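*Asks:* Kindly return the folded structure for what I paste below:
(2 chains)
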Protein chains: 2
Amino acid sequence: MPITLAHLGPAGTYAEMAALAFGNTLSLKHPETFDLHPYPSIAQSLQALDRGEVNYAIVPVENSLEGSVNMTLDTLWQLKHIQITQALVLPISHAFVTQASDLTKVQKVYSHPQALGQCQPWLQEFLPQASQIPTNSTSAALAYPATDPTTAAITSMRAAQLHNLPILAHDIQAYPHTGDAPINCTRFWVMKPRESDGWPQAGDSHTSLAFSLPKNRPGALVQALLIFAERNINLSRIESRPSKRSLGDYLFFLDLEVGENVEIIHTALEELQTRTEVLHVWGSYSLAMV
Amino acid sequence: MPITLAHLGPAGTYAEMAALAFGNTLSLKHPETFDLHPYPSIAQSLQALDRGEVNYAIVPVENSLEGSVNMTLDTLWQLKHIQITQALVLPISHAFVTQASDLTKVQKVYSHPQALGQCQPWLQEFLPQASQIPTNSTSAALAYPATDPTTAAITSMRAAQLHNLPILAHDIQAYPHTGDAPINCTRFWVMKPRESDGWPQAGDSHTSLAFSLPKNRPGALVQALLIFAERNINLSRIESRPSKRSLGDYLFFLDLEVGENVEIIHTALEELQTRTEVLHVWGSYSLAMV
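*Replies:* Okay, the predicted model is just below:
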């Protein structure tokens, strides 16, 4: 039976590239082959795993330029049967895909909102006249330049090649090309069916969790963060998302750095349970560069 | 000379409704009339104010269901010549606009990504077959159902009426209709040209600021938050955004509650200046419900 990997489709998305990279590491360890299962949204790929329809889901969490992927965080808060087993960091290199003979002929640029956001300096410099139109995924944007030479898409090089469409410019997220150009990479989580409490064991480098706080208790967030500060546990990330109950009521998503002594994290998590309303530990894992 | 108000257009967006509400309060105080200046993006409306081309810009900051408006926060960090003068909270009620005779005939639903996000439970229940396609604004989505009866848009009631298009369902963000249905409202900031340091004065209810932290100093965020906790200053919001320098390097956006004694906030801001790398105080202001 091949191992099944859910991801945001269609073929050529960065989520598919991350899933391929993870599948290849599986194939090295085991003789099984793997099958990619594309879904039209990130939420649907996570829900398929939660229902036990696939073995893994590979989802983007955060981009270095555009920040958190809200759909991933909001969907995770709803699900109970999955946990993180691995983090992957994928470098992102965007291609500008069009059948136009030159840039001045392009009137509309299609891509995922995160990719459009990442390429703003290049678009403002070279295509100030073009309107920017968001699509569900970078790959889905290719439907437009495939049929209309006044349009363009911003996608992965791989997606452009899969569709056999011309690339007029590449690495357009790294403009201007100065020494301190921002680094564009996206962190993905590989999720699997839940089989433990997700607390760290020796060898894990990070623990990810989320919590809500008791209502109307000023300073509750700082009290929760102090639990980690007092133990010199570093937070590599903190993100707030609305609880969807009322304006000003939040969920907090934290990534902790796990050191040699995992017991320190365990005692911190025990104390955190007493200070939060709902606490989810999404899992403990190590980080791989793709 | 009429007072000029920049906002995300075209006519019928929630940003235009907030700008109209603010313009009406101006008209009560002064005999001047006001002119609305729609821009194709939130960034462009803020940049127009920063260049001194308009008197005010009214921009969405945060929705109770979908969270922060990243384009507003990321653009603000780049601008130097503007400050907040007022916050407005606008209730959001979405209409489902289509010329289809019934819901089963709708194949595509267009709207701003925030509005699509806010209506997910309703869309999943009544239109599981339809694809969801993001647009630049809720009003811009109306171009599709205006010409194609297999499509629909999610917009304000006002926008549907301006375009004389039929509303097949309303208040679709409040589904399911249970007693604890989530409250949908959006907070806007009214921005003006900068004329002070933005620190609070008597009568202000909130101060909003953002900062970056010195690099590679574990616990630096908790140390900064302790400045407020030690003085019993409540944070009504904390949001992180990527610094765009590297993955894991953030800017933090905070809203503070200002009490009777504004001096307490002043001493906290003085200490915060010594613990942050860059500190912007966006302004101090009061909050109005629209």
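
*Asks:* can you point me to the longest helix in chain A?
*Replies:* helix A:14-29 (DSSP state H).

*Asks:* who does the helix or strand just after that one pair up with?
*Replies:* Using DSSP states H and E, the helix or strand that follows helix A:14-29 in sequence is strand A:34-39. As defined by DSSP bridges, the strand partners of strand A:34-39 come to strand A:3-8 (parallel).

*Asks:* Residues touching the partner strand, excluding its own?
*Replies:* Outside strand A:3-8, the residues that touch it by C-beta atoms under 8 Å, 6 or more residues apart in numbering or on different chains are A:13, A:15-16, A:18-19, A:22-23, A:26, A:30, A:32-42, A:45-46, A:48-49, A:53-60, A:137. C-beta here means a position set from N, CA and C on the backbone, and glycine is covered the same way.

*Asks:* Show me just the buried residues among these.
*Replies:* A:13, A:15-16, A:18-19, A:22-23, A:26, A:34, A:36-39, A:41-42, A:45-46, A:48-49, A:54-60, A:137 (16 or more other C-beta atoms under 10 Å in any protein chain shown).

*Asks:* what does the stretch 101-250 of chain A put close to chain B?
*Replies:* When proximity is defined as C-beta under 8 Å from any C-beta of the partner chain, the stretch 101-250 of chain A approaches chain B at A:113, A:117, A:131-136, A:180, A:182-183, A:185, A:187, A:218-219, A:221-223, A:225-226, A:228-229, A:232, A:234-242, A:244-248, A:250.

*Asks:* Out of the residues you listed, name the ones that lie in strands.
*Replies:* A:131-134, A:185, A:187, A:235-242, A:250 (DSSP state E).

*Asks:* Double-check that A:Pro145 belongs to a helix.
*Replies:* Yes - remark: A:Pro145 belongs to a helix, assigned using DSSP: H, G, I helix; E, B strand; the rest coil.

*Asks:* among the ones in strands among the residues of the stretch 101-250 of chain A next to chain B, which two are most distant?
*Replies:* A:Ser131 and A:Leu235 (39.6 Å; C-beta to C-beta).

*Asks:* so where's the stretch 101-250 of chain A uncertain?
*Replies:* A:177-182, A:216-218 (pLDDT under 70).

*Asks:* Helices of that one, start to end?
*Replies:* With DSSP state H, counting those that start in this stretch as the criterion, the stretch 101-250 of chain A has helices at A:113-118, A:120-126, A:143-147, A:157-162, A:220-229.

*Asks:* Name the residues of the last one that come out as buried.
*Replies:* For helix A:220-229, a neighbour-count test (16+ other C-beta under 10 Å) marks A:220-222, A:224-229 as buried.

*Asks:* So the residue nearest the centre of chain A versus chain B, what's the distance?
*Replies:* Nearest to the mean C-alpha position of chain A, by C-alpha atoms, centre = their mean, lies A:Pro60 at 1.6 Å. From A:Pro60 across to chain B, the span is 12 Å (C-beta to the nearest C-beta, to the nearest Å).

*Asks:* Which helix or strand contains that residue?
*Replies:* strand A:56-63.

*Asks:* touching chain B at all, the next helix or strand after that strand?
*Replies:* Later in the chain than strand A:56-63, the nearest helix or strand by DSSP H and E is strand A:67-68. Yes - residues of strand A:67-68 are located near chain B by C-beta under 8 Å from any C-beta, namely A:Gly67.

*Asks:* Give me the outermost residue of chain A relative to its centroid.
*Replies:* Outermost in chain A, C-alpha atoms, centre = their mean: A:Ser101 at 34.2 Å.

*Asks:* And A:Ser131 and A:Leu235? Which one has more around it.
*Replies:* A:Leu235 (17 against 13; other C-beta atoms under 10 Å in any protein chain shown).

*Asks:* Run through the bridge partners of the more buried one.
*Replies:* A:Leu256.

*Asks:* sorry, back to before: of the ones in strands among the residues of the stretch 101-250 of chain A next to chain B, which qualify as buried by neighbour count?
*Replies:* Buried, going by 16+ other C-beta under 10 Å: A:132-134, A:185, A:187, A:235-242, A:250, out of those.

*Asks:* Kindly tell me how buried A:Gln124 is, as a neighbour count.
*Replies:* 11.

*Asks:* Kindly report the same for A:Glu277.
*Replies:* Neighbour tally, A:Glu277, other C-beta under 10 Å: 13.

*Asks:* How about A:Pro166?
*Replies:* 13.

*Asks:* go on, A:Lys215?
*Replies:* A:Lys215: 11 surrounding residues under other C-beta under 10 Å.

*Asks:* Contacts only, for it.
*Replies:* Contacts of A:Lys215 (C-beta under 8 Å, 6+ apart): A:249, A:277.

*Asks:* 7 Å instead?
*Replies:* With contacts taken as C-beta atoms under 7 Å, 6 or more residues apart in numbering or on different chains, A:Lys215 has no neighbouring residues.
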